[in-house]
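**Student:** One predicted model, sequence on top.
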Amino acid sequence: MSSTFGSVPILTVVAIQLFLIRNVLSLNVTNEYLHHKCNKTQGIYKRGSAFEKNLNIALRTVIFNGDFRTGFRYGDVGEDPNTVFVMYQCRGDSYWSNCRTCVTTALSGLRKRCPGNKGAIICGGEENWDEEGVRNGAVYERLSVYNLLIVFGMDFQNVFRVL
(Lines give C-alpha, C1' and ligand atoms only; values in the text may rest on other atoms or scores of the structure.)
Protein backbone atom coordinates (compact mmCIF):
# COMPACT_ATOMS: atom_id res chain seq x y z
CA MET A 1 0.00 0.00 0.00
CA SER A 2 2.81 2.42 0.73
CA SER A 3 4.31 1.78 -2.72
CA THR A 4 1.04 2.79 -4.38
CA PHE A 5 0.76 5.83 -2.15
CA GLY A 6 4.36 6.81 -2.95
CA SER A 7 3.72 6.75 -6.70
CA VAL A 8 0.71 9.07 -6.50
CA PRO A 9 2.77 12.18 -5.69
CA ILE A 10 5.19 11.34 -8.50
CA LEU A 11 2.34 11.00 -10.99
CA THR A 12 0.86 14.25 -9.72
CA VAL A 13 4.16 16.08 -10.14
CA VAL A 14 4.63 14.68 -13.66
CA ALA A 15 1.05 15.63 -14.61
CA ILE A 16 1.52 19.17 -13.30
CA GLN A 17 4.81 19.54 -15.19
CA LEU A 18 3.22 18.36 -18.43
CA PHE A 19 0.37 20.82 -17.90
CA LEU A 20 2.80 23.68 -17.24
CA ILE A 21 4.98 22.80 -20.24
CA ARG A 22 1.92 22.86 -22.48
CA ASN A 23 0.90 26.28 -21.13
CA VAL A 24 4.39 27.74 -21.44
CA LEU A 25 4.73 26.47 -25.01
CA SER A 26 1.44 28.16 -25.89
CA LEU A 27 3.02 31.48 -24.89
CA ASN A 28 5.67 31.23 -27.60
CA VAL A 29 5.20 32.88 -30.93
CA THR A 30 2.81 31.08 -33.21
CA ASN A 31 2.30 31.62 -36.91
CA GLU A 32 -1.44 31.94 -36.50
CA TYR A 33 -2.67 35.50 -36.61
CA LEU A 34 -5.87 36.52 -34.97
CA HIS A 35 -6.53 39.66 -36.90
CA HIS A 36 -5.23 41.75 -39.72
CA LYS A 37 -6.59 44.97 -41.08
CA CYS A 38 -5.85 46.52 -44.44
CA ASN A 39 -5.91 50.28 -44.12
CA LYS A 40 -7.77 51.42 -47.22
CA THR A 41 -7.81 55.10 -46.21
CA GLN A 42 -4.07 55.43 -46.88
CA GLY A 43 -4.57 54.35 -50.48
CA ILE A 44 -3.20 51.74 -52.83
CA TYR A 45 0.28 51.76 -54.31
CA LYS A 46 1.15 50.63 -57.82
CA ARG A 47 3.71 47.97 -58.66
CA GLY A 48 7.10 49.52 -59.28
CA SER A 49 6.13 52.81 -57.61
CA ALA A 50 8.46 54.74 -55.31
CA PHE A 51 6.22 53.75 -52.40
CA GLU A 52 6.62 50.03 -53.17
CA LYS A 53 10.39 50.41 -53.46
CA ASN A 54 10.51 52.19 -50.09
CA LEU A 55 8.24 49.54 -48.57
CA ASN A 56 10.52 46.76 -49.80
CA ILE A 57 13.57 48.53 -48.37
CA ALA A 58 11.80 49.08 -45.04
CA LEU A 59 10.67 45.46 -44.79
CA ARG A 60 14.12 44.10 -45.68
CA THR A 61 15.65 46.42 -43.09
CA VAL A 62 13.25 45.18 -40.43
CA ILE A 63 13.90 41.52 -41.22
CA PHE A 64 17.68 41.68 -41.65
CA ASN A 65 18.56 44.51 -39.25
CA GLY A 66 15.82 44.07 -36.68
CA ASP A 67 16.77 44.05 -33.03
CA PHE A 68 15.22 40.71 -32.22
CA ARG A 69 16.92 40.73 -28.80
CA THR A 70 14.50 43.38 -27.61
CA GLY A 71 11.64 42.42 -29.91
CA PHE A 72 10.99 45.98 -31.12
CA ARG A 73 11.87 47.89 -34.26
CA TYR A 74 10.62 51.09 -35.85
CA GLY A 75 11.92 52.59 -39.03
CA ASP A 76 10.97 54.79 -41.92
CA VAL A 77 12.23 55.11 -45.46
CA GLY A 78 11.74 57.73 -48.16
CA GLU A 79 10.44 61.24 -48.55
CA ASP A 80 6.86 62.52 -48.66
CA PRO A 81 4.56 61.50 -50.29
CA ASN A 82 6.27 58.09 -50.49
CA THR A 83 7.48 57.77 -46.91
CA VAL A 84 6.97 54.30 -45.47
CA PHE A 85 7.20 53.37 -41.81
CA VAL A 86 7.34 49.87 -40.40
CA MET A 87 7.04 48.92 -36.76
CA TYR A 88 6.97 45.56 -35.06
CA GLN A 89 6.87 44.55 -31.44
CA CYS A 90 7.08 41.00 -30.18
CA ARG A 91 5.86 40.11 -26.73
CA GLY A 92 8.54 40.12 -24.03
CA ASP A 93 8.70 36.34 -23.79
CA SER A 94 8.86 35.92 -27.58
CA TYR A 95 12.18 37.28 -28.73
CA TRP A 96 15.37 36.31 -30.58
CA SER A 97 14.72 33.59 -33.15
CA ASN A 98 11.04 33.25 -32.20
CA CYS A 99 10.48 36.93 -32.90
CA ARG A 100 12.43 36.85 -36.19
CA THR A 101 10.45 33.85 -37.48
CA CYS A 102 7.16 35.40 -36.43
CA VAL A 103 7.94 38.78 -38.02
CA THR A 104 9.09 37.22 -41.30
CA THR A 105 6.04 34.98 -41.57
CA ALA A 106 3.64 37.75 -40.56
CA LEU A 107 5.02 40.25 -43.06
CA SER A 108 4.76 37.73 -45.86
CA GLY A 109 1.19 36.90 -44.88
CA LEU A 110 0.24 40.53 -44.43
CA ARG A 111 1.42 41.49 -47.91
CA LYS A 112 -0.63 38.62 -49.34
CA ARG A 113 -3.70 39.63 -47.35
CA CYS A 114 -3.38 43.34 -48.14
CA PRO A 115 -1.82 43.51 -51.61
CA GLY A 116 -1.10 47.05 -52.67
CA ASN A 117 -2.38 48.66 -49.48
CA LYS A 118 -0.28 51.55 -48.21
CA GLY A 119 -1.18 50.69 -44.64
CA ALA A 120 -1.81 47.48 -42.73
CA ILE A 121 -1.69 46.01 -39.25
CA ILE A 122 -1.53 42.44 -37.98
CA CYS A 123 -1.68 41.02 -34.48
CA GLY A 124 -1.02 37.47 -33.42
CA GLY A 125 -1.25 35.59 -30.18
CA GLU A 126 -3.52 33.78 -27.83
CA GLU A 127 -5.89 36.60 -26.85
CA ASN A 128 -8.96 37.96 -28.60
CA TRP A 129 -8.61 41.11 -30.66
CA ASP A 130 -10.25 44.13 -29.11
CA GLU A 131 -11.17 46.36 -32.05
CA GLU A 132 -12.83 48.96 -29.83
CA GLY A 133 -9.64 49.23 -27.83
CA VAL A 134 -7.60 49.68 -30.99
CA ARG A 135 -9.91 52.42 -32.24
CA ASN A 136 -9.56 54.22 -28.92
CA GLY A 137 -5.79 53.94 -28.90
CA ALA A 138 -5.76 51.29 -26.15
CA VAL A 139 -3.77 48.87 -28.28
CA TYR A 140 -0.62 49.89 -26.43
CA GLU A 141 -2.22 48.93 -23.11
CA ARG A 142 -3.21 45.50 -24.43
CA LEU A 143 -0.07 44.85 -26.44
CA SER A 144 1.43 42.61 -23.79
CA VAL A 145 -1.15 39.91 -24.53
CA TYR A 146 -0.19 39.64 -28.19
CA ASN A 147 2.76 37.67 -29.47
CA LEU A 148 3.25 40.15 -32.25
CA LEU A 149 2.09 43.50 -33.57
CA ILE A 150 3.23 44.71 -36.97
CA VAL A 151 2.19 47.99 -38.55
CA PHE A 152 3.25 49.49 -41.83
CA GLY A 153 1.99 52.48 -43.72
CA MET A 154 2.59 56.08 -44.59
CA ASP A 155 0.94 57.82 -41.63
CA PHE A 156 2.05 56.39 -38.28
CA GLN A 157 0.09 58.89 -36.19
CA ASN A 158 -3.27 57.93 -37.68
CA VAL A 159 -2.86 54.23 -38.34
CA PHE A 160 -4.90 53.15 -35.31
CA ARG A 161 -7.68 55.69 -35.83
CA VAL A 162 -9.04 54.01 -38.94
CA LEU A 163 -9.03 50.45 -37.68
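**Tutor:** Received it, and whenever you're ready, just let me know what you need. Residues are numbered from 1 along each chain as shown.
**Student:** remind me which residues of this structure are low pLDDT?
**Tutor:** Low-confidence segments of the chain (pLDDT under 70): 1-34, 66, 94-95, 124-163.
**Student:** mind listing the strands for it?
**Tutor:** 33-38, 72-77, 84-90, 120-125, 146-153 (DSSP state E).
**Student:** can you pull up the bridge partners for Gln89?
**Tutor:** On the basis of DSSP bridges, Gln89 is bridged to Phe72, Leu149.
**Student:** So it is in contact with Thr70, correct?
**Tutor:** No - if you go by C-beta atoms under 8 Å, Gln89 and Thr70 don't touch, sitting 9.2 Å apart. All C-beta spots, glycine's among them, are computed from the backbone N, C-alpha and C.
**Student:** Which of those two has more residues huddled nearby?
**Tutor:** Gln89 (22 against 13; other C-beta atoms under 10 Å).
**Student:** Tell me how the chain divides into domains.
**Tutor:** 1-28, 31-158 (automatic domain parsing).
**Student:** so what's Ile121 bridging to?
**Tutor:** Counting by DSSP bridges, the residues bridging with Ile121 are Lys37, Val151.
**Student:** Good, we can wrap up now.
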